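Undergrad: coordinates for the following, if possible.
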Amino acid sequence: MSTATSVIQATDRRELPTWVRTVVALGGTLAATAILVTALGASPIQVAKAIYTGSVGNSFSISQTVITMGILIGTGLAAAIPFSARLWNVGGEGQMTFGAMAAAVLGIVLPETWSAWLLIPIVMVGAMLGGAIFAALPGWLKARFDASEIVTTLMLNFVAVNAAAWIIFDVFPEGFVQKTESIHAAAELPRPIEGWLLDVGIVAAVVAAVVAWFIVRHTRLGFSIRAIGANAQASRLSGIRTEKVTVQTFLLAGAFAGLAGALIVQGRDHALLQDFSANVGFVGIGVALVARLHPVAVIGSAALFAVLRVGSNSLQAGAGLSPVVGEMIIATFVVLLMVTGVIKFRYPEGADAH
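TA: Numbering: from 1, shown residues only. Okay, here's the model as predicted:
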């Protein structure tokens, strides 16, 4: 194990202060946004106010932001953990969708008479298992045939979307509305603050991030993930079964994506809706990158993305701009983080060594 350990330690060293490069990227994002907004005929100050008001300006906005944050923590972990092993999981969207399908089906077919203490965790664990199983397929294809996980995870997103449409329109349709029947009330996540839409899903998401950190930093599987990401050949020579770890890594990532699906169905929507995700599975990739693949840092990164995501919905009313501007701000920030070296993948061995 000594060779893999030394590679990890060498990879973890930072050459320049990360906070300096982050500030530079943030400043560049603000400047680019100001130029864009001005060119579109709006005021940057109005845009800032609209995003603030839309994300944390009232109880409804805060609830939506925190709920979105919890979902993004799940999809962020689904990207961060495989990326740490240099496995490119771009299928968080499909894995989250499959988890949401499992949550919706279980929330409908399980006995309504069961107590919330039993029904809520069973539905949530079922969603995580659904996401894990769906993610295991590209993991197995990678391990068994060295099939590109980028291609397989991306293509499986479309399979999940169409499977969800079948559940919505053919299996459990809700009249003429593009959603399934509502799940049982006992399967819904509690909303502890009266008058607020905020549910306890954020607690589950934060706990998941801490659990992910513990797994990555303090377990044999986590060491193997980091070792493979640092040097796959050295890991094999050290006795690590890379094929097995590949499948386990995808199982873990899929479980966290499935958790995001459960938070959507059990917390936000109480049913499976057509086009429910708004691409948060793909946004999770940005969340993971900004967090530099650190599971606990995913929490803060998800909060930032949630503020921009939810706040952008107020741009039309507050500044006369399309909510798409918020997506452009997020993309600009991620690109500048990569340009300034805050987001960086450094591989000590040759490109053909994986």
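Undergrad: residue 335: neighbour count?
TA: Other residues near residue 335 come to 16 when the count uses other CB atoms under 10 Å. All C-beta spots, glycine's among them, are computed from the backbone N, C-alpha and C.
Undergrad: now do whichever strand or helix holds it: which elements does it pack against?
TA: Applying DSSP states H and E as the criterion places residue 335 in helix 324-339. In terms of contact count using 3 or more CB pairs under 8 Å, 6 or more residues apart in numbering; DSSP states H and E, helix 324-339 is assigned the packing partners helix 18-39, helix 280-290, helix 297-311.
Undergrad: if you average pLDDT over each of those helices, which comes out lowest?
TA: When those are compared by mean pLDDT, helix 18-39 comes last with a mean of 83.
Undergrad: tell me the buried residues in that helix?
TA: Applying a neighbour-count criterion of 16 or more other CB atoms under 10 Å, the buried positions in helix 18-39 are 21, 22, 24, 25, 28, 29, 32, 33, 36, 37.
Undergrad: contact partners of the next helix or strand after that helix?
TA: Reading on from helix 18-39 to the C-terminus, the next helix or strand found by DSSP H and E is helix 44-56. Applying CB atoms under 8 Å, 6 or more residues apart in numbering, the contact partners of helix 44-56 are 33-34, 37-38, 61-62, 64-65, 306-308, 310-315, 317-319, 321, 325-326.
Undergrad: if we can go back for a sec, between the helices and strands packed on helix 324-339, which one is closest to residue 218.
TA: Comparing those against residue 218 with CB to CB, the closest turns out to be helix 297-311 (16.6 Å).
Undergrad: next one: the helix or strand just after that closest one to chain centre, how far?
TA: Tracing the chain C-terminally past helix 297-311 and defining elements by DSSP H and E, one meets helix 315-319 next. For helix 315-319, the separation from the chain centroid amounts to 27 Å (computed by CA atoms, centre = their mean, to the nearest Å).
Undergrad: can you mark which positions in helix 315-319 are buried?
TA: Judged by neighbour count (16+ other CB under 10 Å), helix 315-319 contains these buried residues: 315, 318, 319.
Undergrad: same check, this time on stretch 70-87
TA: When neighbours are counted by 16+ other CB under 10 Å, the buried residues of stretch 70-87 are found to be 70-87.
Undergrad: do stretch 174-186 as well
TA: The neighbour-count check on stretch 174-186 (16+ other CB under 10 Å) flags 179, 180, 181, 182, 183, 184, 186 as buried.
Undergrad: doesn't residue 273 make contact with the fourth one?
TA: No - under the contact definition of CB atoms under 8 Å, residue 182 does not touch residue 273, with a separation of 10.8 Å.
Undergrad: list the contacts of residue 139.
TA: Shown here is residue 139, whose contacts under the criterion CB under 8 Å, 6+ apart are 87, 149, 246, 247, 248, 249, 250, 251.
Undergrad: and the nearest residue to residue 258 once chain neighbours are set aside, what's its pLDDT?
TA: Distances taken as CB to CB, 6 or more residues apart in numbering put residue 131 closest to residue 258, at 2.3 Å, once the chain neighbours are dropped. pLDDT, the model's per-residue confidence, is 98 for residue 131.
Undergrad: the one 5 residues further on too?
TA: pLDDT, the model's per-residue confidence, is 97 for residue 136.
Undergrad: ok, for it, nearest residue in space, not its chain neighbours?
TA: Computed as CB to CB, 6+ apart, the closest residue to residue 136 that is not its neighbour in sequence is residue 251, at 5.3 Å.
Undergrad: so that neighbour, which of the three states?
TA: Reducing the assignment to helix, strand or coil with DSSP: H, G, I helix; E, B strand; the rest coil, the entry for residue 251 is helix.
Undergrad: gap between it and residue 228?
TA: Using CB to CB, to the nearest Å, we find residue 251 at a distance of 15 Å from residue 228.
Undergrad: compare these two (neighbour count), which wins?
TA: Under the neighbour definition other CB under 10 Å, residue 251 and residue 228 were set side by side, and residue 228 has more, 24 against 17.
Undergrad: need the contact list for residue 321.
TA: Residues counted as contacts of residue 321 (CB under 8 Å, 6+ apart) are 37, 40, 42, 47, 315.
Undergrad: again, only using 10 Å
TA: For residue 321, the set of contacting residues under the criterion of CB atoms under 10 Å, 6 or more residues apart in numbering consists of 36, 37, 40, 41, 42, 46, 47, 50, 312, 314, 315.
Undergrad: relative to residue 156, which of those is nearest.
TA: If you rank the contacts of residue 321 by distance to residue 156 using CB to CB, residue 312 comes first, at 28.4 Å.
Undergrad: ok, now how distant is that closest one from residue 19?
TA: Between residue 312 and residue 19 the distance is 26 Å, computed by CB to CB.
Undergrad: which residues touch the spatially closest residue to residue 312 that is not a sequence neighbour?
TA: Counting by CB to CB, 6+ apart, the nearest residue to residue 312 once its immediate chain neighbours are dropped is residue 326, at 2.4 Å. Applying CB under 10 Å, 6+ apart, we find residue 326 in contact with 33, 47, 50-51, 54-55, 305, 307-315.
Undergrad: how about residue 81?
TA: In this structure, residue 81 makes contact with 87, 89, 212, 215-216, 221-222, 225, 249-250, 252-253, 255-256, 288, 293, 295, 298, judged by CB under 10 Å, 6+ apart.
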